[in-house]
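Colleague: sequence first, then the predicted structure, then my questions.
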Amino acid sequence: MLELLISGGWVMLPLLVLAVAATAIALERAWTLRASEVIPHGMVQEIEHWSRGKTLESSEIQRLRQDSPLGELLAAALLVRHKPREVIKERIEDVGRHISHDLNRFLPTLGTIAAVAPLLGLLGTVIGMIQMFLTILSTGVGDANQLAGGIGQALISTAAGLCLAIPALLLHRYFRGKVAGYVIAMEKVAINLLDVLEARQSA
């Protein structure tokens, strides 16, 4: 493996750094974007229980805000629950944008890695081909070992770039889809809470 990295030329170094960064981002997002952390099932039941008549203390709202992204969204609505529906809805939308931004944290970086990795591999290919042609100019076509070295660098760097870009792109799309699903689910819960608050105000 080390010989392959060395054979790929200096382009392999930034590719290795990007591979480490992509792995770290993927592990962090996989841990952070667990369903139990973003949309705890018990929280929805707790809000439904409150909607049937249980009073809600400010300390409970504060705990709700710190519990999860969904809790933060619902807490923002509950803090202004005595205001008109439009005011509550606007508060939910404002907080929702911040939550969506937090859920998408590091994903643009992962997408950038997926886009840059094949370009770095292509750069390694071009550098390898240039070295091969310079070798031909200086020594002719008789030295097959030096020619093979240039071709090998070109192929190794290209393969390394693709091996990094493909999983990075797949993970980027996967996490983006997961975040989109969470956002839709939180919107549904927030709309239900809006309806409950409006019904309570009417009553």
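Modeller: Noted; the coordinates are in hand. Keep in mind that what you see is a predicted model, and the values were worked out from it rather than measured.

Colleague: now V87: how far from A165?
Modeller: According to Cβ to Cβ, to the nearest Å, V87 and A165 sit 46 Å apart. Every C-beta, even on glycine, is put in place using the N, C-alpha and C of the backbone.

Colleague: who has more neighbours, those two?
Modeller: A165 (22 against 12; other Cβ atoms under 10 Å).

Colleague: list the contacts for the more buried one?
Modeller: The neighbourhood of A165, defined by Cβ atoms under 8 Å, 6 or more residues apart in numbering, consists of 113-115, 117-118, 121.

Colleague: in what helix or strand does it lie?
Modeller: helix 144-202 (DSSP states H and E).

Colleague: what mean pLDDT does that helix have?
Modeller: Across helix 144-202, the average pLDDT comes to 84.

Colleague: mind checking how far it is from the chain centre?
Modeller: Chain-centre distance of helix 144-202: 5 Å, with Cα atoms, centre = their mean, to the nearest Å.

Colleague: do the same with stretch 97-106
Modeller: That offset, for stretch 97-106, works out to 9 Å (Cα atoms, centre = their mean).

Colleague: same check on stretch 67-77?
Modeller: So, by Cα atoms, centre = their mean, the centroid of stretch 67-77 is 21 Å from its chain's centroid.

Colleague: what's in contact with it?
Modeller: Counting by Cβ under 8 Å, 6+ apart, residues outside stretch 67-77 touching it are 37-40, 43-44, 47, 61-66, 88, 91-92, 94-96, 99, 102-103, 182, 186, 189-190, 193-194, 197.

Colleague: which of the residues you listed are buried?
Modeller: Buried residues within the contacts of stretch 67-77, counting neighbours by 16 or more other Cβ atoms under 10 Å: 38-40, 43-44, 47, 61, 64-65, 88, 91-92, 95-96, 99, 103, 182, 186, 189-190, 193-194, 197.

Colleague: run through who's touching stretch 108-120.
Modeller: By Cβ under 8 Å, 6+ apart, stretch 108-120 touches 11, 14-15, 18, 21-22, 25-26, 29, 157, 161-162, 164-165, 168-169, 171-172, 175.

Colleague: typo on my end, it should be stretch 83-99
Modeller: With Cβ under 8 Å, 6+ apart, stretch 83-99 has contacts from 69, 72-73, 76-77, 79-81, 183, 186-187, 190, 194, 197-198.

Colleague: now with 7 Å?
Modeller: With contacts defined as Cβ atoms under 7 Å, 6 or more residues apart in numbering, stretch 83-99 is touched by 69, 72-73, 76-77, 80-81, 190, 194, 197-198.

Colleague: excluding its backbone neighbours, what's nearest S100?
Modeller: Spatial nearest neighbour of S100, excluding adjacent residues (Cβ to Cβ, 6 or more residues apart in numbering): V183 at 5.6 Å.
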